[in-house]
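# Coordinates for the following, if possible.
(chains A, B, C and D)
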Number of protein chains: 2
Amino acid sequence: MTPGVLGHLLLGLLSRSEQTGYELTRAFDTTLKNVWGASHSQIYPELAKLEGRGLIRKTTAGPRGSQRYAVTAEGLGELERWLAGTQPIESPRLEWMARVFFLGLLPHDRALAYLRAQGAFHRAKLAVYEGYAAGVPPAGARSWDRIALEAGMRFERAMIEWAAWAVDLLGEEPPS
Amino acid sequence: MTPGVLGHLLLGLLSRSEQTGYELTRAFDTTLKNVWGASHSQIYPELAKLEGRGLIRKTTAGPRGSQRYAVTAEGLGELERWLAGTQPIESPRLEWMARVFFLGLLPHDRALAYLRAQGAFHRAKLAVYEGYAAGVPPAGARSWDRIALEAGMRFERAMIEWAAWAVDLLGEEPPS
DNA sequence: AGATGCATGTAAATAGTTACATGATTCA
DNA sequence: TGAATCATGTAACTATTTACATGCATCT
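Down below sits the predicted model:
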């Protein structure tokens, strides 16, 4: 069987540089967390599977029993096949957005509080992204990290404005 | 154990009206699909669990062995508890966005094609949402479906603009 | 020496997908 | 009567989360 999304993302990270499971885990807990999170208990077994299929291989062993992996030629091929698939497959898990459908069940002020909390959450995320953007090579084209980051920033801004719009809309009415 | 997201969303749908598993399945394959999809093979067992916990109950039996469910008082309580949780928990699964990080591995024209496909995808979704919006009671406040829909529309517009921005950025450069 | 961070694993449970399986009703 | 749609379920597999478990290295 061909790897799933997690496997392909691991191949992608390893295509940039050799890394240990620990380093990969950190990537899934920071940068990639915003699009596809994963924990070490999923990553280590997945690395073993990828190695078993010859898509990655062990390279140097480090200090504390650490083990570095590199992507193989077959792994790179598999990764490119995956990237080339342009059919946009989406099954988002947007819990906070799903709740909005049913917020009418809450008293007016608690529903408003929910929207305000969402706004604050997205403002905080935007601030983090802007911090990243300041550190990344300035918008220089062909910088795909920067392009992905831009998507994140535009998403957060859209959600901040949406929350403000919704609070406005509800705030204008007298509470029930 | 308390229900998960799926269980709560089922409670939410049933809080609006009694429904059969089939009708609920359709909701998760249309409206809710954009935020939290689910298939019938997950929904029927979950309904059984919710009933076992006394959060929903069977009401009238219909024509083809169909079975209608209604939310109980306890179910409504559980739902409100869930809705009131304002901590924004997010673990999005944005596969198409995750791929962007590694698009540099593809030849220039295929990477561009990927971005154009994304743009087209989001334009199509926006068109669908605008169709919904035309059918929904006009922006009348306290209409939470409309507020959720607005989030979707703003999201799609942001992604359309992002894709155009990225295509521009890359198009300006000579292909490698 | 104790805390923190590096580093890797397994076990158990829940969640989610895909495939298999069945039968009733309605409409052309 | 054949196709489409309504309607529900189970089985097998894959993915994900949470908890348990261990040990080394560095820094104070």
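
# counting contacts, what elements does the strand or helix carrying A:E150 pack onto?
For A:E150, the element it lies in under DSSP states H and E is helix A:144-171. Here helix A:144-171 touches helix A:108-135, helix B:95-100, helix B:144-171, going by 3 or more CB pairs under 8 Å, 6 or more residues apart in numbering or on different chains; DSSP states H and E. C-beta: built from backbone N, CA, C; applies to glycine.

# doesn't A:E51 make contact with A:Y69?
Yes - the pair A:Y69 / A:E51 is scored as a contact, 7.2 Å apart, by CB atoms under 8 Å.

# Need the residues touching each of the two.
Contact criterion CB atoms under 8 Å, 6 or more residues apart in numbering or on different chains; residues shared by A:Y69 and A:E51: A:57-58.

# With neighbour numbers in mind, choose between these two.
A:Y69 (24 against 16; other CB atoms under 10 Å in any protein chain shown).

# which residues does the more buried one form a beta bridge with?
A:Q19, A:K58 (DSSP bridges).

# any idea which residue sits dead centre in chain A?
A:V35 (2.0 Å; CA atoms, centre = their mean).

# wouldn't it be in contact with B:S91 here?
No - taking contacts as CB under 8 Å, A:V35 lies outside contact range of B:S91: 10.0 Å.

# Now do the contacts for the residue nearest to the centre of chain A.
Counting by CB under 8 Å, 6+ apart, A:V35 touches A:148, B:92-95, B:97-98.

# low-confidence ranges in chain A?
Across chain A, the ranges flagged by pLDDT under 70 are A:86, A:136-142, A:173-176.

# near DNA strand C, which residues of chain A show up?
Applying CB under 7 Å from any atom of the strand, one finds that chain A approaches DNA strand C through A:20-23, A:25, A:40-41, A:44-45, A:47-48, A:62-67, A:91, A:93.

# Of these, which belong to strands?
Among those, the members found in strands (DSSP state E) are A:20, A:67.

# what subset of the residues of chain A next to DNA strand C is also close to DNA strand D?
By CB under 7 Å from any atom of the strand, the members of these lying near DNA strand D are A:41, A:63-65.

# Which segments of chain A make up each domain?
For chain A, the structural domains run A:5-85, A:95-170, going by automatic domain parsing.

# From the chain's centroid, how far away is the longest one?
To tie it back to what came earlier, the one meant is domain A:5-85. 15 Å (CA atoms, centre = their mean, to the nearest Å).

# what about that domain, start to end distance?
For domain A:5-85, the first-to-last residue distance is 12 Å (CA to CA, to the nearest Å).

# Repeat that for the shortest one.
Domain A:95-170 stretches 21 Å from its first residue to its last (CA to CA).

# how about that domain, does it get close to DNA strand D?
No - in terms of CB under 7 Å from any atom of the strand, no part of domain A:95-170 sits within range of DNA strand D; the closest distance is 11.0 Å.

# for that domain, the distance to its chain's centre please.
On CA atoms, centre = their mean, the centre of domain A:95-170 falls 14 Å from the chain's centre.

# residue contacts, A:E18?
By CB under 8 Å, 6+ apart, A:E18 lies in contact with A:59-60, A:68-70.

# Give me the neighbour count for the nearest residue to A:V5 once chain neighbours are set aside.
Counting by CB to CB, 6 or more residues apart in numbering or on different chains, A:V5 lies nearest to B:E95, which is 5.4 Å off, once chain neighbours are set aside. Using other CB under 10 Å, B:E95 is surrounded by 20 other residues.

# From what I see, B:E95 and A:L32 are in contact.
No - applying CB under 8 Å, one finds B:E95 not in contact with A:L32, separated by 11.6 Å.

# picking that back up, which of the residues of chain A next to DNA strand C are buried? Put it as a ChimeraX command.
Burial among the residues of chain A next to DNA strand C is assessed by 16 or more other CB atoms under 10 Å in any protein chain shown; the matching ChimeraX selection reads:
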select /A:20,21,25,47,67
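
# Which of the residues of chain A next to DNA strand C fall within helices?
Residues of the residues of chain A next to DNA strand C located in helices (DSSP state H): A:21-23, A:25, A:40-41, A:44-45, A:47-48.

# which among those residues gets closest to DNA strand D?
Nearest to DNA strand D out of those is A:S41 (CB to the nearest atom of the strand; 3.1 Å).

# how near is that closest one to A:L47?
When distance is defined by CB to CB, to the nearest Å, A:S41 is 12 Å away from A:L47.
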